[in-house]
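Student: Sequence below, structure please.
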Amino acid sequence: MSDLAVVSIFVGNLPWATTDEDLYELFAPYGEVKRSKIVLDRETNRSRGFGFVDMEEEAAAKAIEAWNGQTYNGRVLTVNLAQSRPARS
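Tutor: Okay, the predicted model is just below:
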């Protein structure tokens, strides 16, 4: 077990066909992926073109550095630490 904190990475501008598994495989070379999730539209159940990957801080930093601004299946990715979203009122 590691003492490192797990952080969430935002991955934007993903190709529409990207799956949770694709996202996992994209980030696994940089460290253990705790969770990978493509965000789906509630009404259509289709990808919204972004997702999140949870990894330990050190691995996340390497993955962000490796993928931010890089092309994946024809799309230039935006990869950074996810910002916490304010609770809806």
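
Student: got a list of contacts for the helix ranked longest in the chain?
Tutor: When the chain is parsed with DSSP state H, its longest helix is helix 57-67. For helix 57-67, the external contacting residues (C-beta atoms under 8 Å, 6 or more residues apart in numbering) are 4-7, 9, 11, 26-27, 30-32, 53, 55, 77, 79-81. Backbone N, C-alpha and C define where each C-beta goes, glycine included.

Student: any idea how far it is from the chain center?
Tutor: The chain centre lies 11 Å from the centre of helix 57-67; the measure is C-alpha atoms, centre = their mean, to the nearest Å.

Student: again with stretch 5-19
Tutor: Here stretch 5-19 shows a centroid-to-chain-centroid distance of 2 Å under the convention C-alpha atoms, centre = their mean.

Student: quick one: the strands in this structure?
Tutor: 6-12, 33-40, 47-56, 71-72, 75-76, 78-81 (DSSP state E).

Student: And the second one, what does it pack against?
Tutor: Put plainly, it is strand 33-40. helix 20-27, strand 47-56 (3 or more C-beta pairs under 8 Å, 6 or more residues apart in numbering; DSSP states H and E).
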